[in-house]
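Peer 1: here's a sequence, model it:
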Amino acid sequence: MAARSLDEAIQAFLDQMAARGSAHTVRSYGADLSQLAVITDGSFDLSEAVLRRYLREYGKTPITRARKLSCLRSFIKFCRSAGWIDSDPTEGFEAPYRRRDLPKSLSQGQAEGFLEGDVKSRSPKRDRAMLELAYATGMRASEIVGVDLGDLDFKTGRLIVLGKGNKERVVIFGEACARALQDYIAGERVAAVGSDALFTNTEGGRLTTRTLQNVVRRWALQLGLPGDVSPHTLRHSFATHLLDGGADLKSVQQLLGHENLATTQIYTHVSIDRLRDSVAKAHPRGRGTDQKKD
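Peer 2: Numbering: from 1, shown residues only. Take a look at the predicted model:
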């Protein structure tokens, strides 16, 4: 069975996408495939040579090329399932390398100073409890503001977290975090209205991630740290410092709630960079070590 035209195939593919995916994805794929139609001049030519020409013409950067290749593969898969083509011409295409920037993190000294610093705040106990929890557990901002009072178990130092995809996991917090949380609960927490939220505003409403982000930024600026410090910086710091201290990668993956170990492995590069810096600075023959790459 052959499609009457490339435009017909594209429209059928986008119609199916609209029923299953987001409007943003449909628009993005529609723009990519309209460029493909320009390359083929509207003909139903999905040969390897044509598709490579398309990627050369419109995939100027690794990120753009990766996105367009992903679109092509989805479209090819659709066309094959419809019986319009027999094979996948992109089978031998290699995805372009996309450099992943290493996550920013605080040094251990900076993290200690951040949590113990004297900062002016209208809700100092609440703010300190949030920051202690962020660094102690590596939780995401959305997870922190989503914590309910009943999720905490002070006897075992455990907390049930509802993470991405509504998946539950258990995180651990230490004595310093427990003291900050108990101090906040006993002395400053406004009883939640309509929920069991742990962190509340003056009206008893659950805090938003924006509030948490503002708290972190305000504390950082008052303590002389970079203004781009965020809840995610504390999450990165948690993971990096665990690995620096000898924690195994699988445990860190579980604590962070990463589905794939490869996502967690990026933190090993941060730790290796710190080890390299230590050798370069402290070892008598370590000069130049910081210039070498793995």
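
Peer 1: residue contacts, L131?
Peer 2: Contacts for L131 were tallied using CB atoms under 8 Å, 6 or more residues apart in numbering; they are F114, L115, V215, V216, W219, L234. Every C-beta, even on glycine, is put in place using the N, C-alpha and C of the backbone.

Peer 1: which members of those residues are positioned in helices?
Peer 2: Using DSSP state H, F114, L115, V215, V216, W219, L234 are the members of the contacts of L131 that sit in helices.

Peer 1: Serialize the residues you listed to JSON lines and add fields for distance to S81 and pLDDT.
Peer 2: Putting the ones in helices among the contacts of L131 into JSON lines (distance: CB to CB, whole Å; pLDDT from 0 to 100) gives the following:
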{"residue": "F114", "distance to S81": "53", "pLDDT": "93"}
{"residue": "L115", "distance to S81": "54", "pLDDT": "93"}
{"residue": "V215", "distance to S81": "50", "pLDDT": "96"}
{"residue": "V216", "distance to S81": "47", "pLDDT": "95"}
{"residue": "W219", "distance to S81": "53", "pLDDT": "94"}
{"residue": "L234", "distance to S81": "45", "pLDDT": "95"}
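
Peer 1: among the contacts of L131, which one sits closest to R65?
Peer 2: Comparing these against R65 with CB to CB places L234 closest, at 33.9 Å.

Peer 1: I'd assumed V216 was in contact with that closest one.
Peer 2: Yes - between L234 and V216 there is a contact at 7.1 Å, judged by CB atoms under 8 Å.

Peer 1: list residues touching both of those two?
Peer 2: Joint contacts of L234 and V216 (CB under 8 Å, 6+ apart) are L131, A134.

Peer 1: tell me which of these two has more neighbours.
Peer 2: Comparing L234 with V216 by neighbour count (other CB atoms under 10 Å), the higher total belongs to L234, at 28 against 23.

Peer 1: residue contacts, that one?
Peer 2: Taking CB under 8 Å, 6+ apart, we find L234 in contact with L106, A111, L131, A134, Y135, G138, V216.

Peer 1: among the residues you listed, which are located in helices?
Peer 2: If you go by DSSP H, the contacts of L234 have A111, L131, A134, Y135, V216 in helices.

Peer 1: what's the closest of those residues to G150?
Peer 2: When the ones in helices among the contacts of L234 are compared against G150 (criterion: CB to CB), the nearest one is A134, at 19.9 Å.

Peer 1: hmm, who's touching the helix or strand containing G30?
Peer 2: Element membership for G30, per DSSP states H and E: helix 23-40. With CB under 8 Å, 6+ apart as the test, helix 23-40 has contacts from 6-7, 10, 13-14, 17-18, 46, 50-51, 53-54, 57-58, 67-68, 71-72, 74-75.

Peer 1: now the residues you listed: which count as buried?
Peer 2: 6, 10, 13-14, 17, 46, 51, 54, 58, 67-68, 71-72, 74-75 (16 or more other CB atoms under 10 Å).

Peer 1: looking at the residues you listed, which has the smallest pLDDT value?
Peer 2: Note: of those, the lowest pLDDT belongs to R67, at 84.

Peer 1: what about it, which SS state?
Peer 2: State at R67, reduced to three classes by DSSP: H, G, I helix; E, B strand; the rest coil: helix.

Peer 1: distance of it relative to S34?
Peer 2: 14 Å (CB to CB, to the nearest Å).

Peer 1: got the angle for the one helix or strand R53 maps to vs helix 23-40?
Peer 2: In the assignment (DSSP H and E), R53 maps to helix 48-58. Helix 48-58 runs at 110 degrees relative to helix 23-40, counting by axes from the mean of the first three to the mean of the last three CA atoms, to 10 degrees.

Peer 1: now do helix 48-58: which elements does it pack against?
Peer 2: helix 23-40, helix 62-81 (3 or more CB pairs under 8 Å, 6 or more residues apart in numbering; DSSP states H and E).
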